[in-house]
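A.B. asks: The sequence and its predicted three-dimensional model are supplied below.
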Amino acid sequence: MSDRLHKFLFDAGSSARSPVRGEIVSLTATWKQIKERHRYAEPVMRLLGELVAASTLLSANLKFNGALVMQIHGDGPVRLLVVECNADLTVRATVKFASDIAIADDASFTDLVNAQGHGRFVITLDPRDRTHGQQAYQGVVPLEGDSVAAALEGYMHRSEQLDTQLWLAADDEHANGLLLQKLPLEGGGKNFDFDQHAHLEAQTHAAEVWERAVTFANTLDRDELLRVDPQTLMRRLFWDETLAVYEPVPCAFRCSCTRERVAAMLVSLGEQEVDETLSEMGGIHVDCEFCNKSYDFDTVDCAQLFATSNTMDGVRPPVRLQH
Ligand SMILES: [Zn+2]
């Protein structure tokens, strides 16, 4: 069975708009495909898995066609974690390390990425269709707390003002997560006392639902989040709440690398640098850091890249002439 993300709303019995939304994701096949392409030490693998689960939870609420890219720029043995999740919940991820620094089996989040306190968390929303005037958005904040969830909550708190809490866990088999988010109330009741009263009541009610949901979610332990299937977990945690549960959304691994994109990257490096590498190495070999797929460009390919303004001509595998 493929991986699924489950969305639900609290307080579904009332006529008012729901004050809190929830999501649970369980990634098994997706996580396996990301993991099998790399060999990471246990603490790094856990950290990456949590970030992968979080990326699907946050992407599922975006009304936007493009990619959500989450990066942790670390100052410890892990220099960079990148997770990219598309609007269709296809995801890819990779990690870059500082050279020759050993990673202890019990290394914490702080040991790995915020050892000197200079770690940063970066979120980029990269629209697919920029011709319609959509610009990429990027937010950068210092890393806070000692977990992926704490770092993300810190980010959300600084940037979005919507109360959001995450519970994340990853092991060798699963990358799972739960998200709760307090939704904005309708209307402001600016003109009439009556409206203000109703608005205050709605606010108090929303705060109560939110407090209850977070209290129940806080009873969740790591093992339960990893082992229990999402539907059972939802019922077990929020058994006393009236939930509206949506049709689950599929999630999957997918890498968006192509020969054209690698070619565009080479062009952006410039002809001089490419020529230098060619004369040194005899050809250019690029491995996709996300999926390990290899792309090779020989002297003729590279000459074509720079000879024509239409790079597409240069990126097709060359036809070999028989002598
Ligand atoms: Zn790739």
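C.D. replies: Yep, it's here. Residues are numbered from 1 along each chain as shown.
A.B. asks: Run the chain-centre distance for the helix or strand where residue 43 lies.
C.D. replies: When elements are assigned from DSSP states H and E, residue 43 belongs to helix 42-59. Using C-alpha atoms, centre = their mean, to the nearest Å, the distance from the centre of helix 42-59 to the centre of the chain it belongs to is 7 Å.
A.B. asks: Give me the sheet partners of the following helix or strand past it and which way each runs.
C.D. replies: Note on helix 42-59: by DSSP H and E, the next helix or strand toward the C-terminus is strand 66-73. Here strand 66-73 is paired, per DSSP bridges, with strand 78-86 (antiparallel), strand 120-127 (antiparallel).
A.B. asks: need those in TSV with distance to residue 65 and mean neighbour count, can you?
C.D. replies: Where you see a C-beta, it was placed from the backbone N, CA and C, and this is true even at glycine. Shown next, in TSV, are the strands paired with strand 66-73 (distance: least, C-beta to C-beta, whole Å; neighbours: other C-beta atoms under 10 Å):
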stretch	distance to residue 65	mean neighbour count
strand 78-86	9	22
strand 120-127	7	18
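A.B. asks: Could you find the closest non-adjacent residue to residue 25?
C.D. replies: Leaving aside its sequence neighbours, residue 25 sits nearest to residue 5 (C-beta to C-beta, 6 or more residues apart in numbering; 4.4 Å).
A.B. asks: other SSEs contacting the strand or helix carrying the one you found?
C.D. replies: With secondary structure defined by DSSP H and E, residue 5 is part of strand 3-9. On a contact count with 3 or more C-beta pairs under 8 Å, 6 or more residues apart in numbering; DSSP states H and E, strand 3-9 meets strand 20-27, helix 29-35, helix 230-237, strand 244-245, strand 249-253.
A.B. asks: Please name the residues that touch residue 172.
C.D. replies: Shown in contact with residue 172 (C-beta atoms under 8 Å, 6 or more residues apart in numbering): 35, 45.
A.B. asks: how about low-confidence regions in the stretch 201-323 of the chain?
C.D. replies: Within the stretch 201-323 of the chain, the segments meeting pLDDT under 70 span 308-323.
A.B. asks: er, the stretch 1-150 of the chain actually
C.D. replies: 1, 130-133.
A.B. asks: Which residue does it have closest to the ion?
C.D. replies: Closest to the ion within the stretch 1-150 of the chain is residue 92: 6.9 Å, counting by C-beta to the ion.
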